[in-house]
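make a model of this:
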Amino acid sequence: MDGVYLGSLTYALGTQKRHVRESAEAELLRSAASDLEAAGFRWHHVCAPDETAYDLARRAVAEIEGTSGLHDIDAIVYATCLPEPQDGPIRDVKVLMDFPASRLQAEFGLRDAIVVGLHQQACTGMLGALRIAKALLAAEPEFRRVLCVTADRFPDGAWYEQAYNVISDGAAACVVGREPDVCRLLAVHQITNGGLGRAGDDETVGTYFAYTHRIVRETAARIGVFPSELDWIVPQNTHEQAWRIVARLLAVDHGRVWHPSLPDVGHVISADVVVNLTALLASGQTRPGQRIALAMAGFGLNWQCAALEVTK
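Next up, the predicted model:
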């Protein structure tokens, strides 16, 4: 196999856009609006009452269908962080097995595609989906393209804030395949520390810097470079000062850390890395041969990083 490529990047956000002050007044945030604004957050996107995580996934996938197409899809890897909310006591557990990946397969007519669900990697799930897609293409010579999807929606009444980050409901999708596309997928690396699985917000923040530094450094090593040789780092949206610290630890110019969607969308569970990567590729600043690291952290605790090479 000559290479595995990533393309057809799309995303969809909850249809109700709210300012953090509005959400603070509605008691949807735990921190003061002024503190979250100081961290770089301004707006976030919340689903309408009748809008589900599956609706978000369907919108993201429909955009691929309408542009590059959904031909030759041999597998769907569907990453979620949160289960769909259920009403009341459950007698027949069949309702819990209404799997969104199967619904997508049927709705978009992907009859030849197998489905894989991924739901215990929290906010790093999209990068885990890329890793599984890459492995499937290596292990199954007849597979041509894998559709990767992530979608999450917070339950009604939940705080739209986790570990001091403002949350948006959202989904993202992309295709990993054998044919050349906008980026070559070089490697995906993961670290899990299950001993920290029930860590509180302060403990999670306390581990963020050491593990994020480690995951980027180890991923760079897997493609034979130092972090300082990466052309771009695209992280999830978190406190805007966090990556100034991590960049210094990695000896990376902070100007090459790309997360411009922070004020407009906040943290979109596992989708904001796709939002930010889409913005970078559309910015006109990338060149063929440049190397990009996608870095994410999530409860569990999990850290994942994907290394890409720009091809177009």
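
this protein: strands as residue ranges?
5-13, 16-19, 43-46, 73-79, 114-118, 145-152, 161-162, 165-166, 170-177, 183-192, 232-235, 291-298, 302-310 (DSSP state E).

so which elements touch the longest one?
Using 3 or more C-beta pairs under 8 Å, 6 or more residues apart in numbering; DSSP states H and E as the contact criterion, the neighbours of strand 183-192 among helices and strands are strand 5-13, helix 125-139, helix 201-222, strand 302-310. Glycine gets a C-beta too; all of them are placed from N, C-alpha and C.

list the neighbouring strands of the first one plus their orientation.
To tie it back to what came earlier, the one meant is strand 5-13. Within its sheet, and counting by DSSP bridges, strand 5-13 is paired with strand 170-177 (antiparallel), strand 183-192 (antiparallel).

ok, the last one next?
Strands flanking strand 302-310 in the sheet, each with its direction: strand 183-192 (antiparallel), strand 291-298 (antiparallel) (DSSP bridges).

show the backbone phi and psi for residue 48.
Note on residue 48: its backbone torsions stand at phi -70, psi 160 [degrees, to the nearest 10].

residues near the closest residue to it other than its chain neighbours, how many?
Sequence neighbours aside, residue 15 is the residue nearest to residue 48 in space, at 5.3 Å (criterion: C-beta to C-beta, 6 or more residues apart in numbering). For residue 15, the neighbour count with other C-beta atoms under 10 Å is 14.

who touches residue 15 in this structure?
By C-beta atoms under 8 Å, 6 or more residues apart in numbering, residue 15 lies in contact with 45, 47-48, 51.

and those, which is closest to residue 38?
Distance to residue 38 across these (C-beta to C-beta) is lowest for residue 45, with 20.8 Å.

please name the bridge partners of that closest one.
Beta bridges link residue 45 to residue 17, judged by DSSP bridges.

just to revisit the earlier point, a markdown table for the contacts of residue 15, including pLDDT, distance to residue 264 and neighbour count?
Below are the contacts of residue 15 laid out as a markdown table (pLDDT from 0 to 100; distance: C-beta to C-beta, whole Å; neighbours: other C-beta atoms under 10 Å):
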| residue | pLDDT | distance to residue 264 | neighbour count |
| --- | --- | --- | --- |
| 45 | 98 | 9 | 21 |
| 47 | 97 | 17 | 21 |
| 48 | 96 | 19 | 11 |
| 51 | 96 | 19 | 16 |
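
and which of the residues you listed is nearest to residue 266?
Set against residue 266, the nearest of these by C-beta to C-beta is residue 45 (8.1 Å).

enumerate every residue touching that closest one.
Residue 45 is in contact with 13-18, 168-170, 265, 268, counting by C-beta under 8 Å, 6+ apart.

touching, residue 28 and residue 159? I think so.
Yes. Here residue 28 lies in contact with residue 159, judged by C-beta atoms under 8 Å, at a distance of 6.2 Å.

the two: who's more crowded?
When residue 28 and residue 159 are compared on other C-beta under 10 Å, the one with more neighbours turns out to be residue 28, at 20 against 13.

nearest spatial neighbour of residue 70, chain-adjacent residues omitted?
In space, residue 70 is closest to residue 108, 5.7 Å off (C-beta to C-beta, 6+ apart).

just to revisit the earlier point, can you add distance to residue 96 and mean pLDDT and give the strands paired with strand 5-13 back as TSV?
Below are the strands paired with strand 5-13 laid out as TSV (distance: least, C-beta to C-beta, whole Å; pLDDT from 0 to 100):
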stretch	distance to residue 96	mean pLDDT
strand 170-177	21	98
strand 183-192	25	98
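
ok, which of the ones you listed comes nearest residue 73?
strand 170-177 (7.5 Å).

just say which of the strands paired with strand 302-310 is most tucked in.
Neighbour counts (mean count of other C-beta atoms under 10 Å) averaged over each of these peak at strand 291-298, with a mean of 25.

report the angle between it and helix 125-139.
Computed by axes from the mean of the first three to the mean of the last three C-alpha atoms, to 10 degrees, the angle separating strand 291-298 from helix 125-139 equals 120 degrees.
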